[in-house]
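Chemist: build me a structure from this.
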Amino acid sequence: MKFAIFGNTYQAKKSSHAATLFNLLEKHGAEVCVCREFHRFLKSDLKLNVKADNLFDEDYFDADMVISIGGDGTFLKAARRVGNKGIPILGINTGRLGFLADVSPEEMEETIEEIYQNHYTVEERSVLQLLCDDKHLQDSPYALNEIAVLKRDSSSMISIRTAINGAHLTTYQADGLIIATPTGSTAYWVKGQYLRNPPSACHPRGAGRRQEHAGGRVRRQRHARDVREVSCCGKLEGCVMVLKEGNHIKFRHKAGIGIFILQKYCGIGLGRQLMEYAIENARKTELEQLKLGVFDDNVAAIRLYEKLGFREWGREPHAFKLKDGSYRDEIQMVLFLS
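Modeler: Numbers count the residues shown, from 1 in each chain. You can find the predicted model right below:
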């Protein structure tokens, strides 16, 4: 087998088990290619004379399996380099956090044996890809956890217009926006308290719990929920989300709300159910108002929002420019909860 090795390059203690790993791979006659930065660290800082068939930079490598030795941060760095190659990653945990890298150094020998005996399971996970004009960001555009869009300074909040599959979702007034995969944890922490305890008839996919397979062991974890999803046969039909504008006393009484329904599921009452669910849960918190934005020509959505108690308070002319060169105004609506 051919392995690509990544490791922690700034804390010697976290890479001190690398010699054992390389000896185990040599014992099995493995072909080993090593990240050049990590190889340089092992030789200069740890004074290890490790054998490598090839050295590589960035994501210029190919392998049957990637091994990450360090903590979850090293694992995520390796995942970013793997990108869309479809190569499985084994995480050996020599750091503090081991949710992703959960094979201990003491289990390395047993785990390598299981790999060569094909006694392991590959768990597929979603990966985000960033598309932007910044060439530096495009050098490594993949993320296993989350991608954050943040303002550059300490000025007032920014407006973030958000779309799913090209369809406008909502406009956020916030310090930033975090787009997370089910593996990610940051975005689930951001919202926590707003959409709790959804009824069992409609269980969120992925956001609620996950299973991890590594070294023949399975572990379950729970995350808080910020997105209410509805799925059928494993496919997403729609979602609603509530995002608070901030925790400062000036902002914590209000939040933005956004909803998205796939076109083929429109007109069957799904949007109303999701909105009613979100509003009901928002009333149980300290929130006093919910705000949203909607295209001025989306008559059905405007009618639904008005039935739910939302009222227009403003309008932004030419807020969106479409591919055909035409414009759409955005109507700003608000619902007072008390």
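
Chemist: next, give phi and psi for residue 4.
Modeler: Main-chain dihedrals, residue 4, degrees, to the nearest 10: phi -110, psi 130.

Chemist: next: residue 177.
Modeler: For residue 177, the backbone dihedrals (degrees, to the nearest 10) come out as phi -140, psi 130.

Chemist: report the contact partners of it.
Modeler: By CB atoms under 8 Å, 6 or more residues apart in numbering, the contact set of residue 177 is 148, 149, 160, 162. (Each C-beta comes from the backbone N, C-alpha and C, glycine too.)

Chemist: partner residues bridging it?
Modeler: Residue 177 has these beta-bridge partners by DSSP bridges: residue 149.

Chemist: kindly provide the distance from it to residue 57.
Modeler: Summarising the geometry, the distance separating residue 177 from residue 57, computed by CB to CB, to the nearest Å, is 32 Å.

Chemist: residue 271 and residue 307 touch, don't they?
Modeler: No. Between residue 271 and residue 307 there is no contact, the gap being 11.0 Å when judged by CB atoms under 8 Å.

Chemist: these two: who's more crowded?
Modeler: residue 271 (21 against 10; other CB atoms under 10 Å).

Chemist: helix, strand, or coil at that one?
Modeler: Taking DSSP: H, G, I helix; E, B strand; the rest coil as the rule, one finds residue 271 in the helix state.

Chemist: circling back: possible to save the contacts of residue 177 as CSV with pLDDT, distance to residue 251 and neighbour count?
Modeler: Formatted as CSV, the entries for these read as follows, by pLDDT from 0 to 100; distance: CB to CB, whole Å; neighbours: other CB atoms under 10 Å:
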residue, pLDDT, distance to residue 251, neighbour count
148, 85, 19, 14
149, 84, 18, 16
160, 84, 15, 17
162, 83, 19, 18
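
Chemist: pLDDT score for residue 188?
Modeler: Per-residue pLDDT puts residue 188 at 49.

Chemist: equivalent analysis for residue 151, please.
Modeler: 81.

Chemist: OK, contacts around it?
Modeler: Applying CB under 8 Å, 6+ apart as the definition, the contact partners of residue 151 turn out to be 157, 158, 175, 176.

Chemist: please apply the same query to residue 16.
Modeler: Contacts of residue 16 by CB under 8 Å, 6+ apart are 46, 94.

Chemist: offset the numbering so it begins at 839, please.
Modeler: Let's use 839 as the start, then, which means that last one is residue 854.

Chemist: that one and residue 1016: what is the separation?
Modeler: Relative to residue 1016, residue 854 is positioned 34 Å away (criterion: CB to CB).

Chemist: over to residue 1003?
Modeler: The spacing between residue 1003 and residue 1016, counted by CB to CB, is 19 Å.

Chemist: quick check: residue 889 touching residue 864?
Modeler: Yes. When contacts are counted by CB under 8 Å, residue 889 is listed as touching residue 864 (6.3 Å).

Chemist: so what sits against both of those two?
Modeler: residue 870.

Chemist: many thanks, I have nothing further to ask.
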